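In: this one's sequence-less:
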């Protein structure tokens, strides 16, 4: 059974963005943002019929995640989504995924959203580790992950076939004490 702390209402306010619990109406707005072929490419989803399934956004109890946090802009409208996934909770670890809509990239929104999510993960959720997977060609994301303190943990060679070519999948992780030192 999941700990109830994962389902509490969340509102984490930054200078650019707020991370908050999903609300009615967010799903439609997020699905409009998620219908971006660039997100598909960086997530390793090939175009075509299968991409439509990946573009559906499931929130809360329907998502299968431990926590979904809507990334909201200054006007409180959704601009992206961060999720923490139940991979190894008995060991106080979770996998993080993040995506941001096209018009909201390259302005520091992702970096701030990651920092807010990590503060929540290592604070209220009492995690020891947060990790993620990223395709090697997503250099913008890798730089952002490194900026907030993630470290390279390993590479799976030729792990994902995207647009007819094989690509390496990079594993990155951050420990709670590492983030505490970096987030000063």
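Out: All right, it came through fine. Note that the coordinates shown come from a computational prediction; the quantities given were computed from them, not determined experimentally.

In: For the rest of this, base every contact and every neighbour count on C-alpha atoms.
Out: Noted.

In: Check which helices and strands the longest helix along the chain is in contact with.
Out: In the chain, with assignment by DSSP state H, the single longest helix is helix 109-122. Helix 109-122 is packed against strand 18-20, strand 129-135, helix 139-147, with contacts defined by 3 or more C-alpha pairs under 8 Å, 6 or more residues apart in numbering; DSSP states H and E.

In: what's the most buried one of these?
Out: Ranked by mean neighbour count, these are led by strand 18-20 with a mean of 25 (mean count of other C-alpha atoms under 10 Å).

In: just to revisit the earlier point, and the longest helix of the chain with strand 129-135, angle?
Out: 150 degrees (axes from the mean of the first three to the mean of the last three C-alpha atoms, to 10 degrees).

In: circling back: okay, the helices and strands packed on helix 109-122 in JSON lines with mean pLDDT and distance to residue 92 next?
Out: Formatted as JSON lines, the helices and strands packed on helix 109-122 follow (pLDDT from 0 to 100; distance: least, C-alpha to C-alpha, whole Å):
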{"stretch": "strand 18-20", "mean pLDDT": "97", "distance to residue 92": "21"}
{"stretch": "strand 129-135", "mean pLDDT": "96", "distance to residue 92": "7"}
{"stretch": "helix 139-147", "mean pLDDT": "96", "distance to residue 92": "20"}
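
In: right, and the helix or strand after the helix or strand of the chain with the lowest mean pLDDT?
Out: Least confident element among the helices and strands of the chain, by mean pLDDT, DSSP states H and E: helix 49-54 (a mean of 48). The helix or strand immediately downstream of helix 49-54 is strand 67-72, counting by DSSP states H and E.

In: same question for that next one, mean pLDDT?
Out: What strand 67-72 shows for mean pLDDT is 94.

In: Partner strands of that strand, with direction?
Out: On the basis of DSSP bridges, the sheet neighbours of strand 67-72 come out as strand 18-20 (antiparallel), strand 78-88 (antiparallel).

In: Could you identify which of the ones you listed is most buried?
Out: Scoring those by mean count of other C-alpha under 10 Å, the most buried comes out as strand 18-20, with a mean of 25.
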